[in-house]
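> here's my sequence, what's the structure:
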Amino acid sequence: MISTEKLAAVREQFPVTRRQLYLDSAHQTPLSLSVRDALHSFINEGYEMAGPKPVWIRRAEETRANVARFFNASPSEIAFTKNTSEGLNIAANAVPLKAGDNVVLIEGDHPNNAYAWLNLKAKGVEIRFVPLKDNEVATAKTFEPFIDERTKVITLSHVTFHAGQVHDVASIGKLCKERNIYLVVDAMQSVGVIPLDVKALNISVLAAGTHKGLLVPQGLGVLYVADGLDELRPAYIAMSSMLNPPADYIARSEDMAVRKDAQRFEMGNLNLPDLQALDAAIKLIDSVGVADIQKHVNELGDLLLKHLDELGVNVVGPRERGQRNHIYVLDLPVEKWADYFSRNDVRVSPERGGIRVSLAMFNTSEDVERLASVIRSGQTENAPAVTMQLD
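Residues are numbered from 1 along each chain as shown. Reported below is the predicted structural model:
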């Protein structure tokens, strides 16, 4: 696990850990002190200096470079969006698809990815869904029976929100490279928790929001678009998208060339406060290291599974390391347990298969022990039902 001293310093960054047992980072990560301070600094600069926008933009470009390093990408391959859904819709509308082409997805994956591609059915694009059990992970062999010469895109979540599966993106990326298929990955649940090398994984486009593993409030997303995919064209453009933006701010129809880098997909002003916060968040993550965060949550997961076995509680998703990481859906009836956990100051999420527990860099073995104790007590309690909003 993360060393005791380092874990104590990380945990100090998240005051929520002193108020409740927070096991819900797959929904959203609580605000850290460093991220809060970065946001306060931005607001104070706007308040005191009426907004030093050139300074803010320079910082945004520094953050772009840091995000690129996070993915083993170049800054030219990174664009900023509002969220994962916007990034996936940008990808769906950028890929040059024709009537009769097909896109392959996993049945039951996050609906915001599915809808982005299902929207293309009106243009004659075929959408194929691959069935997959919640305790299985997708590999190249999963997709092979569903692809043909008209398959242009395979798209999936790296880590699933509903069962915690960690799909074998490496083998899928190899298949896509061999078959000249675009690989579009939703990394919302993996970025910041699992090391991501977009080059090694042969990812064409990657989309992720920043409010989970990247520790920043909602409203900011990152989009990776591999260099050289010039045929991916933005469905909508602004002056910031143009290769030669007019210095006099007068648009001219004779020069409609867009940028060659990923910024052709950016629309106007960026979310500058969250970008400043993201820079602080990346520094916090780097102080531990993504590989060590992954090791830490996996070891906590081992302990969690041990306690669940003792309690007779099953998990919906995979149990094997490498196939699961930080998300565990407990096979407990939501109508009883969601309210019970809430009344005991345990923050978790109701999910389609039960109660979702998600581990983060600030969680400890004591957190897992406390969760086991709460479940043990709850097994004898008849908790009332409650209706909650699904993530």
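
> contacts and neighbour counts: CA atoms only from here.
Will do.

> all strands of the chain, in order?
Under the criterion DSSP state E, the chain carries strands at the ranges 21-22, 78-81, 102-106, 126-130, 151-157, 182-186, 205-209, 221-225, 327-330, 346-347, 349-351, 354-358.

> mind checking pLDDT for residue 381?
Looking at residue 381, its pLDDT stands at 79.

> i'd like the first residue to be 88 from this point on
OK, 88 is where the count begins now, so the last one is residue 468.

> distance of it from residue 399?
16 Å (C-alpha to C-alpha, to the nearest Å).

> longest helix anywhere in this protein?
helix 377-398 (DSSP state H).

> list the contacts for residue 213?
Residue 213 is in contact with 186-190, counting by C-alpha atoms under 8 Å, 6 or more residues apart in numbering.

> where in this structure is pLDDT low?
Counting by pLDDT under 70, the low-confidence segments of the chain come to 469-478.

> domain map for it?
For the chain, the structural domains run 91-117+376-465, 122-373, going by automatic domain parsing.

> hmm, back to that, got the buried residues for the longest helix of the chain?
When burial is assessed from 16 or more other C-alpha atoms under 10 Å, helix 377-398 yields the following buried residues: 377, 379-389, 391-392, 394-395.

> quick one: contacts of that helix?
88-89, 279-282, 401, 406, 408, 412-413, 415, 446-448, 451-452, 455-456, 459, 463.

> got CSV for the strands of the chain, with distance to residue 363 too?
What follows is these, written out as CSV (distance: least, C-alpha to C-alpha, whole Å):
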stretch, distance to residue 363
strand 108-109, 25
strand 165-168, 13
strand 189-193, 34
strand 213-217, 38
strand 238-244, 27
strand 269-273, 23
strand 292-296, 15
strand 308-312, 13
strand 414-417, 28
strand 433-434, 28
strand 436-438, 29
strand 441-445, 26
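
> to residue 425, which of those lies closest?
Among these, the nearest to residue 425 by C-alpha to C-alpha is strand 436-438 (6.3 Å).

> paired strands for the closest one, with orientation please.
Counting by DSSP bridges, the strands paired with strand 436-438 are strand 441-445 (antiparallel).

> hang on, the earlier thing: please list only the buried members of the contacts of helix 377-398.
Neighbour counting with 16+ other C-alpha under 10 Å marks 88-89, 279-282, 401, 406, 412-413, 415, 446-448, 451-452, 455, 459, 463 as buried within the contacts of helix 377-398.

> just those: which are in helices?
Short answer: the buried ones among the contacts of helix 377-398 in helices (DSSP H) are 452, 455, 459, 463.

> in ChimeraX, select just the buried ones from the contacts of residue 213.
Listed next is the ChimeraX selection for buried residues among the contacts of residue 213, using 16+ other C-alpha under 10 Å:
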select :188,189,190
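
> looking at the contacts of residue 213, which is nearest residue 201?
Nearest member of these to residue 201, counting by C-alpha to C-alpha, is residue 190, at 10.1 Å.

> which ones are touching the closest one?
Neighbours of residue 190 in contact, by C-alpha under 8 Å, 6+ apart: 204, 212-215, 238-242.

> now distance to residue 367 too, for these, in CSV please.
Listed next are those as CSV, based on distance: C-alpha to C-alpha, whole Å:
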residue, distance to residue 367
204, 34
212, 42
213, 42
214, 40
215, 40
238, 41
239, 38
240, 35
241, 34
242, 31
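
> check those and tell me the two furthest apart.
It's 212 and 242 that sit farthest apart of the contacts of residue 190, by C-alpha to C-alpha, at 14.4 Å.

> out of those two, which sits in the more crowded spot?
Taking other C-alpha atoms under 10 Å, residue 212 and residue 242 do not tie; residue 242 has more neighbours (24 against 19).

> test of understanding: give the bridge partners of that one.
Note on residue 242: beta-bridge partners residue 271, judged by DSSP bridges.

> just the one 4 residues further on next, same as before
With DSSP bridges as the criterion, the beta-bridge partners of residue 246 are residue 253.

> so who does it touch?
252-254, 274-277.

> and which of these is nearest residue 364?
residue 275 (17.5 Å).

> contacts only, for that closest one.
Residue 275 sits next to 171, 244-246, 294-297, 299-300 when contact means C-alpha under 8 Å, 6+ apart.

> off-centre distance for stretch 114-122?
Centre-to-centre, stretch 114-122 and its host chain are 15 Å apart (C-alpha atoms, centre = their mean, to the nearest Å).

> related to what we said a few turns ago, from the contacts of residue 246, which is closest to residue 350?
Looking across those and measuring by C-alpha to C-alpha, the closest to residue 350 is residue 274, at 19.3 Å.

> the closest one - how many residues pack around it?
Residue 274, neighbours per other C-alpha under 10 Å, totals 23.
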